[in-house]
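Trainee: The following block contains a protein sequence and its predicted model.
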Amino acid sequence: MDRLPPTPEEVRAALHVMLRAIGEDPDREGLVDTPDRVIRSWTEIFAGYGQDPAAILATTFGDVEGYSEMILLRDIPFSSMCEHHMMPFNGLAHVAYLPAERVVGLSKLARLVDCYSRRLQIQERMTREVAKAIMLHLHPLGCGVVLEARHGCMTCRGVKKEGAIMVTSALEGDFQNPATRAEFMALIRG
């Protein structure tokens, strides 16, 4: 059964209840406009739900004069929200692929990372989603994705381990070859 999305009034009411649940007075001066500010911020933070990976990767270029070596865009900053605690995790993505015949503009790789990071996520799934989208829509010989992130749920609650970095990887096609994997990891580290 399809559900209609909640109205802005319903979201405002829910946020009002949440403010009361944490012990706040949602009607005090500093909080009166908070529900509207949260709605606006969520529109930006969760913009990935309205983006299509196929459209992001649709424009490719074939005039590459036979270039067939690894293409890597490293140190792509991203911010996402953990689906378990709705707390932020932030870090860097490193995305590489071996083109078969066509290449995509580098900004598209950064946009793809944004598309998946701007959703409720777990880092492991996000890593796989970026890799699978590249394989599905670019048809390369292989791709590799590594994400490194600091998680708010690890630093400001629970175990409170400031500075801990989670690293995840997804390797597809030729990137599962030990030599290609080693080249990718070496290029990430500079």
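Mentor: Yep, it's here.
Trainee: CA-only coordinates of stretch 85-93, as CSV, when you get a sec.
Mentor: In CSV, the C-alpha atoms belonging to stretch 85-93 read as follows (Å, rounded to 0.1, in the frame of the first residue of the first chain):
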residue,chain,number,x,y,z
HIS,A,85,21.0,6.8,15.5
MET,A,86,20.3,9.6,13.0
MET,A,87,23.7,11.1,13.8
PRO,A,88,26.2,12.3,11.2
PHE,A,89,29.2,10.5,9.9
ASN,A,90,31.7,12.4,7.8
GLY,A,91,34.7,11.5,5.8
LEU,A,92,36.4,11.0,2.5
ALA,A,93,35.5,8.8,-0.4
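Trainee: now the helices for the chain?
Mentor: Secondary structure of the chain by DSSP state H: the helices cover 8-21, 34-45, 53-56, 106-117, 123-138, 152-155, 178-189.
Trainee: separation between Cys115 and Ser80?
Mentor: Summarising the geometry, the distance separating Cys115 from Ser80, computed by Cβ to Cβ, to the nearest Å, is 11 Å. Every residue, glycine included, has its C-beta placed from N, CA and C.
Trainee: Same question for Val38.
Mentor: For Val38, the distance to Ser80 under the criterion Cβ to Cβ works out to 17 Å.
Trainee: Next: Asn177.
Mentor: Counting by Cβ to Cβ, the gap between Asn177 and Ser80 amounts to 30 Å.
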